[in-house]
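Student: here are the coordinates; sequence isn't available:
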């Protein structure tokens with residue numbers, strides 16, 4: 001399957017003709033700076049190449065080691081004039097110490113400067129070497145040798161990022177948003193041909209809903225033809241269509257955007273804000289996802305990270321991130337937590353056992369289409385229904401007025417978390433029979449909102465009970481309950497959960513920042529482990545079964561829900577020599593394959609009759625890989641088609657397959673299941 005990982009760094013080992021470190025400093029120090037180095041070599045790499053470099057003396061002893069990017073290339077026939085400027089991304093502690101000595105010894109140098117190219121080389125220092133980001137006023141820069149992994153909560157309605165500095169997790173301040181939260185909204189201003197992100201896009205959306213995109217995380221990594229996407233599409237003001245890969249995309253301004261492209265724009269803003277805060281380049285991140293995300297959705301998150309220029313070192317489930325944020329530094333002695341995360345677009349519930357820095361997920365579940373957005377819609381619908389019929393018809397026909405009412409409903413809903421009443425005023429929503437302008441004015445009672453959304457709250461309670469039952473636990477077996485996510489602040493939510501679980505939820509965890517903070521802690525732990533020290537131990541479970549389509553349109557499960565990760569299992573399929581096994585893979589809990597999320601189709605041949613072993617392996621963070629072993633024992637790479645889920649492709653795949661009567665029973669069942677799913 002597509003991993004979505006960053007392109008591999010090119011390894012580069014340079015041997016310099018110096019006998020000692022002192023000779024290197026004396027003769028080559030002019031080409032070294034805190035921000036980068038000019039490497040003299042004829043074997044240059046293209047600009048933009050990611051390098052993993054090592055510079056050694058004539059005897060092979062190491063001088064410098066790190067990672068960086070080629071900024072500029074110099075080519076010259078004269079000896080020693082060819083080379084490349086490399087900007088540091090990460091350097092080890094020994095390299096940093098050497099650079100500090102070089103800079104300190106250089107007379108008159110008191111600040112980071114650019115490395116010098118060789119004399120008369122066609123590469124002036126002033127061009128092409130971009131200085132490192134500058135820290136915010138009052139915030140010291142973090143040395144490049146101190147690796148920082150960004151923790152990101154890419155939420156449906158808001159995004160946050162966090163970093164660990166001096167052992168303490170901190171939310172990143174986003175200058176453009178004047179705070180630590182950024183709305184997950186993107187808009188295109190066609191008059192100025194520019195992209196708007198965050199609050200600027202949210203403001204633009206009110207008057208130009210046709211040019212603004214929100215809530216698209218619900219579409220991330222979903223097939224355009226899936227039942228879930230078809231159900232959601234009518235509720236959205238923008239046009240959802242298939243992207244070139246067959247996934248759900250969005251058409252805007254005459255162009256189809258993939259959802260990872262849009263998510264990457266949000267990630268870029270968070271990344272830039274963190275770099276500005278720390279005064280250094282960041283290249284790695286831990287990205288959080290709902291626990292129930294499928295393999296294909298996780299791959300889409302990885303792709304978004306890649307497009308944003310980030311190496312995603314771990315995809316972390318949001319409830320696990322919350323548990324990490326809660327348990328950090330407490331030295332807990334085996335506590336069993338229930339994490340209930342009701343955010344803007346999704347619900348996640350997990351049972352987690354935590355002991356010190358060791359975290360083990362016991363059971364997890366959720367609802368992909370249940371969150372604060374749905375509460376907003378209920379209140380907005382009630383406000384619209386309170387208008388006169390003629391005005392109501394005009395409102396429903398105007399995307400702009402609908403957006404203004406939705407925005408007012410969200411504001412009122414948030415206010416009702418702290419108050420008993422909230423006033424709503426949306427001017428000029430229509431005209432009455434006499435032609436006079438009509439405003440929407442209402443005073444909303446908290447009790448009315450709770451009545452409108454009571455069934456939504458009850459759905460969250462049912463998901464919670466299912467998660468407990470899957471873990472074979474009663475509420476009494478829990479030690480703590482954590483309620484997080486913006487919508488969890490609603491009094492009705494907290495009250496109902498306390499009724500179901502029989503205990504008061506903890507209030508000493510940031511309900512909206514915990515996910516990003518936990519991700520940053522895991523990122524810091526990954527760096528700690530890379531340095532040979534003990535870090536966080538995290539054990540996740542599979543959120544939803546993975547299986548294959550079978551006869552009658554059902555799904556044969558290969559890996560069950562709550563299977564401890566990493567995990568693998570082999571499905572044995574009888575085959576005949578020269579025949580091709582063709583299988584569609586799905587993930588989800590529904591009995592019928594078509595009601596689950598389609599991951600892709602693969603085909604594998606057999607060199608002789610017997611059993612073909614189809615190996616399903618899931619990594620620690622929930623990503624699926626597939627392989628096959630032929631009847632003769634030969635392992636083969638399988639063609640797994642995740643790039644195009646169109647009906648036409650599968651129709652062709654089925655047309656080339658043998659007739660059902662020519663198959664053995666098990667392969668026949670797989671084929672018939674495919675035919676039913678794709679209408680052949």
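Tutor: Noted; the coordinates are in hand. What you see is a predicted model, and the numbers here were worked out from it, not measured in a lab.

Student: residues touching residue 313, list them.
Tutor: 149, 284, 285, 286, 523, 526 (Cβ atoms under 8 Å, 6 or more residues apart in numbering). The C-beta positions use only the backbone N, C-alpha and C, and glycine is treated the same way.

Student: can we see that at 10 Å?
Tutor: Contacts for residue 313 were tallied using Cβ atoms under 10 Å, 6 or more residues apart in numbering; they are 149-150, 283-287, 305, 522-523, 526-527, 530, 621.

Student: now, those residues that are in helices?
Tutor: Counting by DSSP state H, the part of the contacts of residue 313 found in helices is 305, 522, 523, 526, 527, 530.

Student: which residues in the stretch 51-200 of the chain form strands?
Tutor: Along the stretch 51-200 of the chain, the segments classed as strands by DSSP state E, counting those that start in this stretch run 62-74, 83-91, 149-154, 158-165, 168-171, 182-183, 185-189, 194-197.

Student: mind putting those into TSV with mean pLDDT?
Tutor: Listed next are the strands of the stretch 51-200 of the chain as TSV, based on pLDDT from 0 to 100:
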stretch	mean pLDDT
strand 62-74	84
strand 83-91	84
strand 149-154	97
strand 158-165	95
strand 168-171	94
strand 182-183	96
strand 185-189	89
strand 194-197	88
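
Student: quick one: those strands as a markdown table, columns for distance to residue 49 and mean neighbour count too.
Tutor: Listed next are these as a markdown table, based on distance: least, Cβ to Cβ, whole Å; neighbours: other Cβ atoms under 10 Å:
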| stretch | distance to residue 49 | mean neighbour count |
| --- | --- | --- |
| strand 62-74 | 5 | 20 |
| strand 83-91 | 9 | 24 |
| strand 149-154 | 22 | 29 |
| strand 158-165 | 27 | 25 |
| strand 168-171 | 33 | 19 |
| strand 182-183 | 31 | 22 |
| strand 185-189 | 30 | 23 |
| strand 194-197 | 27 | 16 |
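
Student: of all the ones you listed, which lies closest to residue 634?
Tutor: strand 62-74 (37.9 Å; Cβ to Cβ).

Student: and that closest one, how far from the chain's centre?
Tutor: 29 Å (Cα atoms, centre = their mean, to the nearest Å).

Student: domains of this structure?
Tutor: 10-105, 546-677 (automatic domain parsing).

Student: any idea how far the shortest one is from the middle of the chain?
Tutor: What that stands for is domain 10-105. 34 Å.

Student: for the closest residue to residue 363 other than its chain neighbours, what are its contacts?
Tutor: Leaving aside its chain neighbours, residue 363 sits nearest to residue 471 (3.6 Å; criterion: Cβ to Cβ, 6 or more residues apart in numbering). Neighbouring residues of residue 471 by Cβ under 10 Å, 6+ apart: 336, 338, 350-351, 353, 361-365, 477, 541, 562.

Student: check residue 453 too.
Tutor: 374-379, 382, 413, 459, 487, 490, 492-493.

Student: in this structure, what spans have low per-residue confidence?
Tutor: 1-8, 76-81, 106-146, 636-680 (pLDDT under 70).

Student: can you give me the neighbour number for residue 190?
Tutor: Around residue 190 there are 12 other residues, counting by other Cβ atoms under 10 Å.

Student: the nearest residue to it once chain neighbours are set aside: what's it in contact with?
Tutor: In space, not counting the residues next to it along the chain, residue 190 is nearest to residue 253; the distance is 6.0 Å by Cβ to Cβ, 6+ apart. Contact analysis of residue 253 by Cβ under 10 Å, 6+ apart lists 188, 189, 190, 193, 210, 211.

Student: hmm, back to that, wait, which of the ones in helices among the contacts of residue 313 is closest to residue 88?
Tutor: The closest of the ones in helices among the contacts of residue 313, once distances to residue 88 are taken by Cβ to Cβ, is residue 527, at 16.4 Å.

Student: verify the stated contact: the closest one with residue 163.
Tutor: No - the criterion here is Cβ atoms under 10 Å, and residue 527 misses it with residue 163 at 11.3 Å.

Student: where do the contact lists of the two overlap?
Tutor: 148, 149.

Student: tell me where the stretch 551-680 of the chain has helices.
Tutor: Ranges of helices in the stretch 551-680 of the chain, per DSSP state H, counting those that start in this stretch, are 647-655, 665-677.

Student: tell me the SS of the residue located most distally from the centre of the chain?
Tutor: Distance from the C-alpha centroid of the chain peaks at residue 434, with 52.0 Å (Cα atoms, centre = their mean). Put simply, residue 434 is coil when judged by DSSP: H, G, I helix; E, B strand; the rest coil.

Student: ok, it to residue 104 distance?
Tutor: 82 Å (Cβ to Cβ, to the nearest Å).

Student: same check on residue 527?
Tutor: Counting by Cβ to Cβ - residue 527 and residue 104 are separated by 27 Å.

Student: so which of the two has more stuff around it?
Tutor: residue 527 (18 against 10).

Student: and the angle from the longest helix seen in the chain to strand 185-189?
Tutor: Determined from DSSP H, the single longest helix within the chain is helix 259-278. Helix 259-278 and strand 185-189 are oriented at 100 degrees to each other (axes from the mean of the first three to the mean of the last three Cα atoms, to 10 degrees).

Student: run the angle between helix 259-278 and strand 158-165 for me.
Tutor: Using the same axes, to 10 degrees: helix 259-278 against strand 158-165 is 40 degrees.

Student: what distance separates helix 259-278 from the centre of its chain?
Tutor: 12 Å.

Student: ok, of the contacts of residue 313, which come out buried?
Tutor: The neighbour-count test (16 or more other Cβ atoms under 10 Å) marks 149-150, 283-287, 305, 522-523, 526-527, 621 as buried among the contacts of residue 313.

Student: in a helix, residue 293, correct?
Tutor: No - per three-state DSSP, residue 293 lies outside any helix segment and is coil.

Student: what about it, how many neighbours?
Tutor: Residue 293, neighbours per other Cβ under 10 Å, totals 28.

Student: try residue 35
Tutor: So residue 35, with other Cβ under 10 Å, has 23 neighbours.

Student: what does residue 447 give?
Tutor: Neighbour tally, residue 447, other Cβ under 10 Å: 12.

Student: do residue 631 as well
Tutor: Using other Cβ under 10 Å: residue 631 sits among 17 other residues.

Student: against residue 556, how distant is it?
Tutor: Taken as Cβ to Cβ, the span from residue 631 to residue 556 is 21 Å.

Student: dig out what residue 597 forms beta bridges with.
Tutor: residue 587 (DSSP bridges).

Student: and it, how many neighbours?
Tutor: Residue 597 has 24 nearby residues by other Cβ under 10 Å.

Student: how about it, what does it touch?
Tutor: 221-223, 226-228, 292-297, 368, 544, 546, 585-588, 590.

Student: from the residues you listed, list the buried ones, please.
Tutor: 221-223, 226-228, 292-297, 368, 544, 546, 585-588.

Student: now the residue farthest from the centre of the chain: phi and psi?
Tutor: phi -90, psi 0 (degrees, to the nearest 10).

Student: and it, how far from residue 389?
Tutor: Using Cβ to Cβ, residue 434 is found at 15 Å from residue 389.
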